[in-house]
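S.K.: here are the coordinates; sequence isn't available:
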């Protein structure tokens, strides 16, 4: 495990360096979970992060040199890694730094837009939001000529459309006309300079043949080829004018190339992930509105029941014994519609998870299993309680309301997790909110739990010392302590009440030992010194200290994840884009059409397989061969790119090492200079002391002859 440098040597000679780097990074990160030593675990995570950075750097070099090769790599499916693309492999490995690279983000944006482009607003015109353009184009069809741009047949899907026989040539050039003339067995081998004027005019007349083209025969200054070129120029000008008119009124970016038919455009529009995103979101809002409407309806109301009664034996017997529940046996049409809509949403979740299991993608497997379980349980309960109006002994009308309220909360919160991460504004914000609630707020609750427990119990015991222990006492203590986190109202229990003052114990009468309060009524609060002490210390700690701590935690988390929020959001955004790319073109409740068509196709494929035609159809299917294949020089290109990257990396390391050595030498010289300066300072101080001593000795020697003179 300690030979991580050996993996770099092997990585230098692999065929697929980027995918191998992502795989090795995921392998190191997976091995780190089995380490018991913290230092070794930290080192292995560093090694994994280093390989992830190496793969991202090689992609960055390819992105700068040739964007086509970079996109070709991201489109390629690798059989050695389960036919996954590098982007899918990075997502399974949770390498969010690789997905946050501009090349991957541009690839994801192209995947999200499909094969369409949204027309931008002209300067000075009113700006219409993109989702309105997409929704109106998808539902009304005609606005897509104004707001949606499609690629030409020659750029994408051209071979498929040509096989359909729908390609029409936009115009003919001079060379095309000459080839057409040559195909009519007209002698054009002789140039106009080598023929006589009469032969040229005769050829001209036989070529044009129409009364319109015979007018230039009388012009002696022009040959038939010159006139043909002038006519071609005029036709090109007329074509450019018509193209300009089409671009103005229909917004079609033709550019002189053949375009898709109306059916193909509608197909490309509805199968684009961006169209799926907005149509699914639109119908999901409609679903939430219907869900809210049904939740507000009474559980048993005759005004909203359909005319089709449904009777079961158990329900009939129950209605016979209880005539008041006779209306509970009929089916509500609104409930049936909502249940079918919910069932289609659940079936879509089941089908998508089935596809993920077939593709062996288990990144969010437990979350998907929990979601399917909750969805299935809600469908069963909703069908029994609201659709059939079957109410067992444990279920009543209020519990049915609770079921609908919980379901509405779940599906509303589900909207946030599905559609909001695609936004570049709401996505990073959701990342911050997730960390604030999932980490900081939970830690805050752990911190304040002892204070809530102690404060709530002590305040209840001091204010109402004579109240008997019951569930009401516990509920009141919990209500006072927990909701004090969110309410800023004062404690009204510390106020003197007239009805309580009338029941105060007489101070002259002896009070029984078991009576601790000041009032005969045990529901009156005992107000005194200790009551204020307990309430004040609880409120000060709760409101001034712990509330400030919560805001401090939120601020620290926001600063800590500020640099990572963007990469985390881009990682989540890829999963949302891939999810909508794999969804059917029509949203619930119309997705039943997709399931019916898929079922018919499955039956037809089974019949063809039994008849022996499936293998031939499989050979003709271009999807079997993968998405894209590399050119023959791609292996040498990536190998040379890796060597160049490692050479630059070694050069950078040498430069950094030389810089460190230079810095160390400068530090040593600086320390030596400081030492020399300190030595000179001490020497100067000693010289000063020596001069003082010499001065004193000289003064004493000079004083001795003067003293001995008398």
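M.R.: Yep, it's here. Everything quoted here is computed from the prediction, not taken from an experiment.
S.K.: mind checking how far residue 229 is from residue 235?
M.R.: Remark: distance between residue 229 and residue 235 (CB to CB, to the nearest Å) = 11 Å. Heads up, the C-betas are built off the backbone N, CA and C, glycines and all.
S.K.: shared neighbours of these two, which are they?
M.R.: Listed as contacting both residue 229 and residue 235 by CB atoms under 8 Å, 6 or more residues apart in numbering is no residue at all.
S.K.: in stretch 474-482, what counts as buried?
M.R.: For stretch 474-482, a neighbour-count test (16 or more other CB atoms under 10 Å) marks 476-477, 480-481 as buried.
S.K.: Could you tell me which of those residues belong to helices?
M.R.: Residues of the buried residues of stretch 474-482 located in helices (DSSP state H): 476-477, 480-481.
S.K.: measure stretch 460-479 end to end?
M.R.: The first and last residues of stretch 460-479 sit 11 Å apart, counting by CA to CA, to the nearest Å.
S.K.: Return the set of buried residues in it.
M.R.: Residues of stretch 460-479 classed as buried by neighbour count (16+ other CB under 10 Å): 460, 462-464, 466-467, 476-477.
S.K.: Would you point out the most distant pair within those residues?
M.R.: The two members of the buried residues of stretch 460-479 with the most space between them (CB to CB) are 466 and 477, at 15.3 Å.
S.K.: what's around residue 672, how many residues?
M.R.: 10 (other CB atoms under 10 Å).
S.K.: before we move on, the earlier item: save the buried residues of stretch 460-479 as CSV, and put in distance to residue 603 too.
M.R.: Output for these, formatted as CSV (distance: CB to CB, whole Å):
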residue, distance to residue 603
460, 69
462, 76
463, 74
464, 74
466, 78
467, 73
476, 65
477, 65
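S.K.: Next, format the residues you listed as JSON lines and append pLDDT.
M.R.: Formatted as JSON lines, these follow (pLDDT from 0 to 100):
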{"residue": "460", "pLDDT": "86"}
{"residue": "462", "pLDDT": "86"}
{"residue": "463", "pLDDT": "84"}
{"residue": "464", "pLDDT": "84"}
{"residue": "466", "pLDDT": "80"}
{"residue": "467", "pLDDT": "82"}
{"residue": "476", "pLDDT": "85"}
{"residue": "477", "pLDDT": "86"}
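S.K.: quick check, nearest of those residues to residue 495?
M.R.: Checking those against residue 495 with CB to CB, the nearest one is residue 463 at 11.7 Å.
S.K.: The nearest residue to residue 485 once chain neighbours are set aside: what's it in contact with?
M.R.: What sits nearest to residue 485 in space, not counting adjacent residues and going by CB to CB, 6 or more residues apart in numbering, is residue 542, at 6.9 Å. Listed by CB under 8 Å, 6+ apart, the contact set of residue 542 reads 448, 451-452, 455, 484-485.
S.K.: switch to 10 Å and redo it
M.R.: With contact taken as CB atoms under 10 Å, 6 or more residues apart in numbering, residue 542 is in contact with 448, 451-452, 455, 481, 484-485.
S.K.: Of these, which is the nearest to residue 262?
M.R.: Distance to residue 262 across the contacts of residue 542 (CB to CB) is lowest for residue 485, with 60.4 Å.
S.K.: isn't that closest one right up against residue 539?
M.R.: No. Using CB atoms under 10 Å, residue 485 is not in contact with residue 539; the gap is 11.2 Å.
S.K.: need the strands for the stretch 401-550 of the chain, in chain order.
M.R.: Assigned strands in the stretch 401-550 of the chain: none (criterion: DSSP state E, counting those that start in this stretch).
S.K.: Enumerate every residue touching the residue lying closest to residue 20 once chain neighbours are set aside.
M.R.: With sequence-adjacent residues excluded and distances taken as CB to CB, 6+ apart, residue 20 is closest to residue 14, at 4.7 Å. By CB under 10 Å, 6+ apart, residue 14 lies in contact with 20-21, 23-24, 638-639, 642.
S.K.: ok so, going back, and the contacts of residue 542, which of them are buried?
M.R.: Of these, these count as buried by 16+ other CB under 10 Å: 448, 451-452, 455, 481, 484.
S.K.: Strands of the protein, residue ranges please.
M.R.: Applying DSSP state E to the chain gives strands spanning 117-118, 148-149.
S.K.: just checking, which of those strands sits deepest inside the structure?
M.R.: strand 148-149 (a mean of 18; mean count of other CB atoms under 10 Å).
S.K.: which other residues reach it?
M.R.: 115-120, 133-134, 137-138, 251-253, 265, 268-269, 272, 275.
S.K.: hmm, back to that, can I get the ones in helices among the buried residues of stretch 474-482 in CSV with distance to residue 658?
M.R.: Formatted as CSV, those follow (distance: CB to CB, whole Å):
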residue, distance to residue 658
476, 74
477, 70
480, 69
481, 64
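S.K.: Nearest to residue 439, out of those: which one, please.
M.R.: Among these, residue 481 lies closest to residue 439 (CB to CB), at 23.6 Å.
S.K.: All set now, cheers.
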